[in-house]
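**Student:** sharing a model prediction with you, sequence too.
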Amino acid sequence: MDSVDVKRVQRTDLDAGDVEDPRPALVDPFGREISYLRVSVTDRCDFRCVYCMAEHMSFLPKADLLSLEELDRLCSAFIARGVRKLRLTGGEPLVRRGIMTLFATLSRHLESGRLDELTLTTNGSQLAKYATELAAYGVKRINVSLDTLDPDKFRAITRWGALDHVLTGIDAAQAAGLKIKINVVALKGVNEDEIPELVAWAHGRGMDLTLIEVMPLGEIGEGRLDQYLPLSLARARLSERYTLEDLDYRTGGPARYVRVAETGGRLGFITPLTHNFCESCNRVRVTCTGTLYMCLGQEDAADLRKPLRASEGNELLHAAIEEAIARKPKGHDFIIDRRHQRPALARHMSVTGG
Ligand code: SF4
């Protein structure tokens, strides 16, 4: 991010007229109100996780990415339409230059009460640097992706990551008062034996943990079926050690939760392949290039960058959002192409936002 962009964002922040009047809520054709927006702010990352990226990635040219000002306008437009929870993702959101400026400007929606939650999903590598600032901008809870507590395995999974940086980041985030949920991707033959220890570690530090099944998205040069560990199996193994009590707790997303009686902590399962979570879906995603995906598992998308750049006002943007939400499908249809071991969809999670 260059200094010109940063200045523009600050000007936006100072402009009292920039908070839009509330508009009618976004309701899809199946009566689901869109209240949760996930926005990828960059496709870049300082890790190269084997299930997410190839080692040598070509990233998008800067001009294709939404500027921080455009990201602010886009998020604010959705907030004016009833989005109450906003999650910034990537790639790794904290490697986007100037990203604290975006948190700073978006925090005005928390102050006004229009937004309930501003949060992010991070790999934790930059948390030691940013945790205090994030807390100051009203972030209360964050998701940290962490698949193992073994430094060598961590290096093998992330290719470029260092476990101690992430653990230091988690310490800093907890010291800043942020609540943390640990997201663990369950990988066959990699961390499957470590899952009970991870649960004990996370719950022992007062953090929830969610297990995620490998999703069939993106061409990454690894056999998806080789990594695929059904969470039904992981859950069965966990029940040999722990008492798992089903919880009604729902976030409108794909996770199903249990309480682990022995630790008192909450454990989530995200199983997009084996269960359908669409009926309660209240969310949409926007990529770092401004493409709105109404459903993670469908290719149908709407370009919001064009209306954002076509005029300084937001009328075109709102029209494009409305038109897209009217097409939000009822559900998804993930499949792994078992013959070719290829994902059914060709885009990387790092572009859509994990
Ligand atoms: S999974 Fe997350 S941390 Fe790993 S490469 Fe992808 S974006 Fe980066």
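**Tutor:** Great, that's in hand. Numbering: from 1, shown residues only.
**Student:** now the helices: where do they sit in this structure?
**Tutor:** 3-14, 68-80, 99-112, 127-136, 151-158, 163-175, 195-204, 224-227, 231-241, 305-310, 315-325, 349-352 (DSSP state H).
**Student:** just the CA trace of the third one, in CSV.
**Tutor:** Right, helix 99-112. Written as CSV, here are the backbone C-alpha positions of helix 99-112 (Å, rounded to 0.1, in the frame of the first residue of the first chain):
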residue,chain,number,x,y,z
ILE,A,99,-3.9,-3.2,7.0
MET,A,100,-4.2,-1.5,10.5
THR,A,101,-5.5,1.6,8.7
LEU,A,102,-8.4,-0.5,7.5
PHE,A,103,-9.1,-1.9,11.0
ALA,A,104,-8.9,1.7,12.2
THR,A,105,-11.5,3.0,9.8
LEU,A,106,-13.8,0.0,10.1
SER,A,107,-13.9,0.4,13.9
ARG,A,108,-16.2,3.4,13.5
HIS,A,109,-19.0,0.9,12.7
LEU,A,110,-18.4,-0.8,16.0
GLU,A,111,-18.6,2.6,17.7
SER,A,112,-21.8,3.5,16.0
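**Student:** for it, packing partners?
**Tutor:** helix 3-14, helix 68-80, strand 85-89, strand 117-122, helix 127-136 (3 or more C-beta pairs under 8 Å, 6 or more residues apart in numbering; DSSP states H and E). C-beta: built from backbone N, CA, C; applies to glycine.
**Student:** one more pass at 7 Å, please.
**Tutor:** helix 3-14, helix 68-80, strand 117-122, helix 127-136 (3 or more C-beta pairs under 7 Å, 6 or more residues apart in numbering; DSSP states H and E).
**Student:** can you redo those as CSV with mean neighbour count and distance to the ligand?
**Tutor:** Below are the helices and strands packed on helix 99-112 laid out as CSV (neighbours: other C-beta atoms under 10 Å; distance: least, C-beta to the nearest ligand atom, whole Å):
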stretch, mean neighbour count, distance to the ligand
helix 3-14, 14, 23
helix 68-80, 23, 17
strand 117-122, 22, 8
helix 127-136, 19, 12
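**Student:** JSON lines for the ones you listed, including mean pLDDT?
**Tutor:** Compiled in JSON lines, the helices and strands packed on helix 99-112 are given as follows (pLDDT from 0 to 100):
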{"stretch": "helix 3-14", "mean pLDDT": "38"}
{"stretch": "helix 68-80", "mean pLDDT": "97"}
{"stretch": "strand 117-122", "mean pLDDT": "98"}
{"stretch": "helix 127-136", "mean pLDDT": "98"}
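**Student:** can I get those in JSON lines including distance to Thr287?
**Tutor:** Shown next, in JSON lines, are those (distance: least, C-beta to C-beta, whole Å):
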{"stretch": "helix 3-14", "distance to Thr287": "19"}
{"stretch": "helix 68-80", "distance to Thr287": "11"}
{"stretch": "strand 117-122", "distance to Thr287": "14"}
{"stretch": "helix 127-136", "distance to Thr287": "22"}
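**Student:** how far away is whichever residue of the stretch 51-200 of the chain sits closest to the ligand from Gly313?
**Tutor:** Residue nearest to the ligand within the stretch 51-200 of the chain (C-beta to the nearest ligand atom): Cys52, separated by 3.1 Å. Relative to Gly313, Cys52 is positioned 37 Å away (C-beta to C-beta, to the nearest Å).
**Student:** what do you get for Pro29?
**Tutor:** 27 Å.
**Student:** got it, and His165?
**Tutor:** For His165, the distance to Gly313 - C-beta to C-beta - is 43 Å.
**Student:** who has more neighbours, those two?
**Tutor:** His165 (18 against 10; other C-beta atoms under 10 Å).
**Student:** who's in contact with Leu127?
**Tutor:** Contacts for Leu127 (C-beta atoms under 7 Å, 6 or more residues apart in numbering) come out as Gly169, Ile170, Ala172, Ala173.
**Student:** what's the closest non-adjacent residue to it?
**Tutor:** Gly169 (2.9 Å; C-beta to C-beta, 6 or more residues apart in numbering).
**Student:** was I right about that neighbour contacting Thr122?
**Tutor:** No - in this structure, Gly169 is not within contact of Thr122 by C-beta atoms under 7 Å, at 8.0 Å.
**Student:** burial of the residue of the stretch 51-200 of the chain closest to the ligand, as a residue count?
**Tutor:** 24.
**Student:** swap in the one 5 residues further on?
**Tutor:** By the other C-beta under 10 Å criterion, the neighbourhood of Met57 contains 15 residues.
**Student:** for it, phi and psi?
**Tutor:** Main-chain dihedrals, Met57, degrees, to the nearest 10: phi -100, psi 150.
**Student:** how about the contacts made by the nearest residue to it once chain neighbours are set aside?
**Tutor:** In this structure, Met57 finds its nearest non-sequential neighbour in Arg48, 7.3 Å apart by C-beta to C-beta, 6+ apart. Neighbour list for Arg48: Glu55, Thr158, Arg159, Trp160 [criterion: C-beta under 7 Å, 6+ apart].
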